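3D, please:
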Amino acid sequence: MPGAAKRPGSSVKRGALVSRTSSSPARVQVKGMLHQSQQTISVQALVDSGADDNFIDSNLVEQHGLLVTELEVPKEVLALDSRQLDIVTHKTEPLKLTLSGNHQEHIELYVIKSPLTPIVLGLPWLTKHNPHIDWTTSTIRSWSNLCHAHCLHSATPERSPSAPEPPEEIDLTNVPAEYHDLREVFSKDRALSLPPHRPYDCAIDLLPGSPLPTKRLYNLCKPEKEVMETYINNSLAAGLIRPSSSPVGAGFFFVEKKDNTLRPCIDFTGLNDITVKNKYPLPLIDSAFGPLHGAQIFSKLDLRNAYHLIRIREGDEWKTAFNTHLGHFEYLVMPFGLTNAPAVFQALVNDVLRDLLNRVVFVYLDDILIFSRTYEEHVSHVREVLRRLMENKLFVKAEKCEFHVTTVPFLGYIVEKGQLRPDPTKVKAVENWLIPTTRKQLQRFLGFANYYRRFIRNYSRIAAPLTQLTSQKQVYEWSHAAQTSFDKLKSMFTNAPVLLHPDPDLQFMVEVDASDSGVGAVLSQRSPADQKLHPCAFFSRRLTPAERNYDVGNRELLAVVLALQEWRHWLEGAVHPFVVWSDHKNLSYLRSARRLNSRQARWALFLGRFNFTLTYRPGPKNLKPDALSRQFAPAEEKPETETILPPSCVVGAVRWEVERVVEEALQVHPAPDGCPPERLFVPPSVRAPVLQWGHSSKLACHPGVHRTLSLVRQRFWWPSMATDTRKFIAACSVCARSKSSHRPPCWPPAALTHPSPTLVPHRGRLCHWTPSF
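This is a model prediction of the structure:
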């Protein structure tokens, strides 16, 4: 070996020098994995600057049958005090070694007896890779530019040391002290640099023969234009975008966030429609069931602005072009809104944390759940995840993280000690159903219940107290029996066998509806056991005052968006395209619409992340979400009236002569009990004049039964008004003469009995006689 000195009188060379004493210059323990053929072996590697070469334990070689090659000349291994430790006679064939999850290389290792340190990486390895080691914590903080180019296929290169950045004030209020030395991973500023091209670049492959999409330029108000100018200038300075001459152009608009600030959005719906879809699977929470068993402590991390740390594949940048009032630009980094962005990002994060996945960490896009059995173990796991994220320039939102908790909501579940249970919010819409105060509200609840009666044993007996209250013959009075029935049905809706646990291998159905006051949705799947549609989750929400002003189409579209937001963790990346059922037919044209307002464009951008079919379903077949959406409707009451003209503006009431006649008749024949107080009772003796006023006067002009009755009812009342009105109009001679009959004519007409001859010209030179009628 280089630099080895031959011992006089010995056939064994002094080869590598490895120290097993505390006097070693520097040591760092690193977790790694060896790969050979179909084998993957977890190992603990010792980085030792006092070792002259790289070694592997002979027991590890024999146990896993690793391929080795015999050395032509054996080599002697000495300690620092020149004691002989071993004689090396073999070395391994090149092995693939993975460190820190994604640092990969092929390496030859000399075989020695070293049971305490199965892998030793010595000075040659350190010289080649030149890692940045934090000696206070004995960890590798980052890698050299050579590693970023050849070993770290998912990391960004180091910044040039000639351009140091001013120190950033990072808020670590929400971060435990154990992780303050990793403060860089919580940096906001470091998340804004341009990454290099890597194997994980976002490719945008277009369907052959597809027309290139172009979108209109959205009108922006003055504040939006100011924010847009700031965004464009900052993005140009950071290198995230560049001027473009692309033939395509997406629309640029803003979305108001909860803190009233504006977030830029690009309408990539046209591009997404013609993009070849990336089928990389998103993870399913079900795969974490086993590893989570026994976990006692959890931490949840949320990544910051992560999509911009992935480049657009070189040559595809022109496809991301967008139009603004400042000009035409295109992205160099992956923007939000591309249909393949979630799959590309998931592939990157999976590679960074590959050997930790489903053992100590579960990752869904930018949400990371870390779980452990003990506190000490958990701190080690969190540090390892944070270190890898920092190493690969993925940054964490400290303000949205939860550290060292025993219960945490995650992807529609509540994760707690030793178990994973459904989030109660998925059945909250049913559990919080208010007690029906009117017969109409009760009918809605029972209509919803009817869809699931086949899953509830003795449904008719349980629902009997409620069914009886729907009868018009019975006084609507909420009893203890009705309350018991109501509570029991709600409980049965939210438990098996009615409520089905979502199965990612089955197709999902989403039923949505919107009313004037709220939105409702039901997530369902067809059970393999009975081939019937079972609910998986319920959702409802009261509309805000602003949302109530939306037209019907926008309210229905809002219901779709809210439902998909609620169940994103099940529907985004679903194995099968799911179906959305709505009773508003115009929604089916959403994806082909050429003009969308900014709100619709924002929604369309979100919907573009899902693979689904929007299907029209008539209202009578869409009663389940309809009932959920209408539970927020106020009790049936008369709408409040508003006085247009105050009494002070009225000179006097208009009085008709017929009213005086009726009042005189009431002196002889008083009004009976039950007469509406706001109308005059008409005695039998003057009903004919009243009907004549309502039908034959210049005010009325001989209308039909409905309009005549409506006019008369405004001022008068008697028990048989409708019958008397129909008889009066049927006997009206003016109506009989003037109005055409809606009945078909009799055949043959009477004129045929005695036809009068008439000469009628006919084609040709001849004439003939024909009856005239």
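
quick one: low-confidence parts of the stretch 251-400 of the chain?
256-260, 284-290 (pLDDT under 70).

could you say which helix or strand contains residue 209?
Element membership for residue 209, per DSSP states H and E: none, as it lies in no helix or strand.

just residue 671 next, same as before
No secondary structure element spans residue 671, as it lies outside all helices and strands (assigned by DSSP H and E).

can you map out the helices along the stretch 601-750 of the chain?
In order along the chain, the stretch 601-750 of the chain carries the following helices (DSSP state H, counting those that start in this stretch): 623-629, 657-668, 687-696, 705-713, 721-730, 733-738.

possible to save those helices as CSV with mean neighbour count, distance to residue 88 and mean pLDDT?
In this view, the C-beta of every residue, glycine as well, is placed from N, C-alpha and C. Listed next are the helices of the stretch 601-750 of the chain as CSV, based on neighbours: other CB atoms under 10 Å; distance: least, CB to CB, whole Å; pLDDT from 0 to 100:
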stretch, mean neighbour count, distance to residue 88, mean pLDDT
helix 623-629, 25, 73, 54
helix 657-668, 14, 122, 84
helix 687-696, 20, 117, 88
helix 705-713, 17, 108, 88
helix 721-730, 16, 112, 89
helix 733-738, 10, 120, 80
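
thinking residue 108 is in contact with residue 91, fair?
Yes. Taking CB atoms under 8 Å as the contact criterion, residue 108 and residue 91 are neighbours in contact, 5.4 Å apart.

Tell me which of those two has more neighbours.
Set side by side, residue 108 and residue 91 give different neighbour counts by other CB atoms under 10 Å, the larger being at residue 91 (19 against 14).

can you pull the contacts of residue 179?
Going by CB atoms under 8 Å, 6 or more residues apart in numbering, residue 179 touches 382, 383, 386, 403.

Now with 7 Å, please.
Going by CB atoms under 7 Å, 6 or more residues apart in numbering, residue 179 touches 382, 383, 386.

With residue 345 instead?
Residue 345 sits next to 306, 307, 310, 365 when contact means CB under 7 Å, 6+ apart.

Could you verify my assumption that the third one touches residue 335?
Right, the one you point to is residue 310. No. Applying CB atoms under 7 Å as the test, residue 310 and residue 335 come out as separate, 10.0 Å apart.

neighbours of residue 579, just the number please.
The local packing of residue 579 (other CB under 10 Å) involves 16 other residues.

other SSEs contacting the helix or strand containing it?
Following DSSP H and E, one finds residue 579 within strand 578-582. With contacts defined as 3 or more CB pairs under 7 Å, 6 or more residues apart in numbering; DSSP states H and E, strand 578-582 has these neighbours: strand 508-514, helix 552-566, strand 612-616.

Out of the ones you listed, which one sits most buried?
Greatest average neighbour count among the helices and strands packed on strand 578-582 goes to strand 508-514 (a mean of 27), per mean count of other CB atoms under 10 Å.

Quick one: work out the angle between that one and strand 612-616.
For strand 508-514 against strand 612-616, the angle between stretch directions is 50 degrees (axes from the mean of the first three to the mean of the last three CA atoms, to 10 degrees).

How far off centre is strand 508-514?
Its chain's average C-alpha position is 14 Å from that of strand 508-514, according to CA atoms, centre = their mean, to the nearest Å.

partner strands of the following helix or strand past that strand, parallel or antiparallel?
Toward the C-terminus, strand 508-514 is succeeded by strand 518-526 as the next helix or strand (DSSP H and E). Strand pairing for strand 518-526, determined by DSSP bridges: strand 508-514 (antiparallel), strand 533-542 (antiparallel).

quick one: buried residues of strand 518-526?
Using 16 or more other CB atoms under 10 Å as the burial criterion, the residues of strand 518-526 that qualify are 518, 519, 520, 521, 522, 523, 524, 525, 526.

Quick one: mean pLDDT over it.
If you average the pLDDT over strand 518-526, you get 84.

Off-centre distance for it?
Computed by CA atoms, centre = their mean, the separation of strand 518-526 from the middle of its chain amounts to 14 Å.

now for the contacts of residue 345, which pair is the farthest apart?
Considering CB to CB, no two members of the contacts of residue 345 lie farther apart than 310 and 365, which are separated by 12.3 Å.

Wait, residue 301 touches residue 401, no?
Yes. Taking CB under 7 Å as the definition, residue 301 is a contact partner of residue 401 at 5.2 Å.

neighbour-wise, which of those two wins?
Of the pair residue 301 and residue 401, residue 301 is the one with more neighbours under other CB under 10 Å, namely 25 against 19.

For the more buried one, which three-state class applies?
Under DSSP: H, G, I helix; E, B strand; the rest coil, residue 301 falls in the strand class.

Tell me the bridge partners for it.
Under the criterion DSSP bridges, residue 301 forms beta bridges with residue 368.

again with residue 30
Residue 30 has these beta-bridge partners by DSSP bridges: residue 45.

roughly how far apart are it and residue 387?
In this structure, residue 30 lies at 11 Å from residue 387, with CB to CB, to the nearest Å as the measure.

go on, residue 92?
Relative to residue 387, residue 92 is positioned 28 Å away (CB to CB).

Check residue 492 too.
Relative to residue 387, residue 492 is positioned 49 Å away (criterion: CB to CB).

Over to residue 656?
When distances are taken as CB to CB, residue 656 and residue 387 turn out to be 91 Å apart.

So those two - more neighbours on which side?
Neighbours per residue (other CB under 10 Å) separate residue 656 from residue 387, with residue 387 holding more: 22 against 13.

dump the residue contacts of the more buried one.
Listed by CB under 7 Å, 6+ apart, the contact set of residue 387 reads 139, 182.

Now with 8 Å, please.
100, 139, 141, 182, 185.

does it sit in a helix, a strand or a coil?
Three-state secondary structure (criterion: three-state DSSP) places residue 387 in helix.

where along the stretch 351-500 of the chain do the strands fall?
The residue ranges that make up the strands of the stretch 351-500 of the chain, judged by DSSP state E, counting those that start in this stretch, are 361-364, 367-372, 402-405, 407-410, 413-416, 419-422.

avg pLDDT for the last one?
Confidence over strand 419-422, taken as the mean pLDDT, stands at 63.

follow-up on the earlier one: dump the strands of the stretch 351-500 of the chain to a markdown table, plus mean neighbour count.
Output for the strands of the stretch 351-500 of the chain, formatted as a markdown table (neighbours: other CB atoms under 10 Å):
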| stretch | mean neighbour count |
| --- | --- |
| strand 361-364 | 23 |
| strand 367-372 | 22 |
| strand 402-405 | 16 |
| strand 407-410 | 16 |
| strand 413-416 | 19 |
| strand 419-422 | 14 |
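
Just put the ones you listed in TSV and tack on distance to residue 169.
Conversion of the strands of the stretch 351-500 of the chain to TSV gives the following (distance: least, CB to CB, whole Å):
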stretch	distance to residue 169
strand 361-364	29
strand 367-372	25
strand 402-405	20
strand 407-410	28
strand 413-416	33
strand 419-422	38
